[in-house]
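> The amino acid sequence is not available; the structure is as follows:
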(Lines give C-alpha, C1' and ligand atoms only; values in the text may rest on other atoms or scores of the structure.)
Protein backbone atom coordinates (compact mmCIF):
# COMPACT_ATOMS: atom_id res chain seq x y z
CA UNK A 1 0.00 0.00 0.00
CA UNK A 2 1.42 3.39 -0.92
CA UNK A 3 1.98 6.01 1.77
CA UNK A 4 -0.83 8.09 0.30
CA UNK A 5 -3.25 5.14 0.42
CA UNK A 6 -2.23 4.49 4.04
CA UNK A 7 -3.04 8.11 4.96
CA UNK A 8 -6.39 7.84 3.16
CA UNK A 9 -7.20 4.60 5.00
CA UNK A 10 -6.34 6.15 8.37
CA UNK A 11 -8.50 9.20 7.61
CA UNK A 12 -11.42 7.01 6.55
CA UNK A 13 -11.02 4.88 9.67
CA UNK A 14 -11.01 7.98 11.92
CA UNK A 15 -14.16 9.27 10.18
CA UNK A 16 -16.00 5.97 10.66
CA UNK A 17 -15.01 5.77 14.32
CA UNK A 18 -16.16 9.35 14.96
CA UNK A 19 -19.37 9.37 12.90
CA UNK A 20 -20.90 5.90 12.81
CA UNK A 21 -22.27 3.46 15.35
CA UNK A 22 -20.70 0.59 13.40
CA UNK A 23 -17.20 1.87 14.14
CA UNK A 24 -15.34 -1.20 12.89
CA UNK A 25 -17.13 -1.65 9.56
CA UNK A 26 -14.47 0.14 7.51
CA UNK A 27 -11.50 -1.71 9.03
CA UNK A 28 -13.27 -5.06 8.68
CA UNK A 29 -14.30 -4.38 5.10
CA UNK A 30 -10.80 -3.18 4.14
CA UNK A 31 -9.25 -6.27 5.74
CA UNK A 32 -11.60 -8.52 3.74
CA UNK A 33 -10.84 -6.60 0.54
CA UNK A 34 -7.11 -7.06 1.06
CA UNK A 35 -7.65 -10.81 1.35
CA UNK A 36 -9.66 -10.78 -1.89
CA UNK A 37 -6.97 -8.73 -3.65
CA UNK A 38 -4.28 -11.14 -2.48
CA UNK A 39 -5.76 -13.58 -4.99
CA UNK A 40 -5.20 -11.04 -7.78
CA UNK A 41 -8.62 -10.26 -9.19
CA UNK A 42 -8.30 -8.31 -12.37
CA UNK A 43 -11.36 -6.10 -12.41
CA UNK A 44 -12.17 -3.53 -15.06
CA UNK A 45 -9.43 -0.97 -15.69
CA UNK A 46 -10.20 2.41 -14.11
CA UNK A 47 -7.18 4.37 -15.36
CA UNK A 48 -3.40 4.31 -15.34
CA UNK A 49 -0.73 5.06 -12.72
CA UNK A 50 2.99 4.91 -13.50
CA UNK A 51 2.09 3.32 -16.83
CA UNK A 52 0.22 0.43 -15.20
CA UNK A 53 -3.53 -0.20 -15.29
CA UNK A 54 -5.35 0.79 -12.12
CA UNK A 55 -8.37 -1.23 -11.10
CA UNK A 56 -10.87 -0.54 -8.34
CA UNK A 57 -12.88 -2.61 -5.93
CA UNK A 58 -15.98 -1.22 -4.23
CA UNK A 59 -16.37 -1.79 -0.50
CA UNK A 60 -20.13 -2.15 -0.51
CA UNK A 61 -20.94 -1.33 3.11
CA UNK A 62 -18.77 1.78 3.38
CA UNK A 63 -19.07 2.86 -0.28
CA UNK A 64 -15.31 3.33 -0.59
CA UNK A 65 -13.27 2.29 -3.58
CA UNK A 66 -9.92 0.57 -3.24
CA UNK A 67 -7.76 1.51 -6.25
CA UNK A 68 -4.97 -0.96 -6.95
CA UNK A 69 -2.36 -2.19 -9.42
CA UNK A 70 -1.59 -5.79 -10.29
CA UNK A 71 2.14 -5.92 -10.93
CA UNK A 72 2.94 -8.73 -13.32
CA UNK A 73 4.41 -11.29 -13.74
CA UNK A 74 4.60 -11.66 -9.95
CA UNK A 75 0.85 -10.91 -9.53
CA UNK A 76 1.69 -8.50 -6.71
CA UNK A 77 -1.11 -6.15 -5.67
CA UNK A 78 -0.32 -2.56 -4.68
CA UNK A 79 -3.10 -0.36 -3.29
CA UNK A 80 -2.63 3.20 -4.54
CA UNK A 81 -5.75 4.92 -3.15
CA UNK A 82 -8.75 4.43 -0.89
CA UNK A 83 -11.50 6.89 -1.68
CA UNK A 84 -15.12 7.46 -0.76
CA UNK A 85 -17.31 6.80 -3.80
CA UNK A 86 -19.75 9.53 -2.72
CA UNK A 87 -17.16 12.33 -2.83
CA UNK A 88 -17.87 13.05 -6.48
CA UNK A 89 -14.23 13.83 -7.28
CA UNK A 90 -11.42 11.62 -8.47
CA UNK A 91 -8.77 10.42 -6.00
CA UNK A 92 -5.14 11.30 -6.33
CA UNK A 93 -3.45 8.01 -7.13
CA UNK A 94 -0.14 7.19 -5.54
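Everything's here; your move. Predicted model, so just to flag it, every value in this text is computed and none were measured. Numbers count the residues shown, from 1 in each chain.

> what pLDDT, on average, does whichever strand or helix holds residue 26 get?
Using DSSP states H and E, residue 26 maps to helix 25-37. Here the mean pLDDT over helix 25-37 is 93, rounded to a whole number.

> What is the burial count for the residue nearest to residue 42 when sequence neighbours are not counted?
Spatially, and ignoring its direct neighbours in sequence, residue 42 is nearest to residue 70 (5.9 Å; C-beta to C-beta, 6 or more residues apart in numbering). No exception for glycine: its C-beta is placed from N, CA and C like everyone else's. Counted by other C-beta atoms under 10 Å, the residues lying close to residue 70 total 18.

> Which strand residues bridge residue 70?
Counting by DSSP bridges, residue 70 is bridged to residue 77.

> Tell me how many other residues surround the residue nearest to residue 84 when sequence neighbours are not counted.
In space, and not counting its chain neighbours, residue 84 is closest to residue 64: 5.4 Å by C-beta to C-beta, 6+ apart. Neighbours of residue 64 under the rule other C-beta under 10 Å: 25.

> Compute the inter-axis angle for the lengthiest helix in the chain and helix 25-37.
Ranked by residue count and defined by DSSP state H, the top helix of the chain is helix 3-19. Calculated by axes from the mean of the first three to the mean of the last three C-alpha atoms, to 10 degrees, helix 3-19 forms an angle of 140 degrees with helix 25-37.
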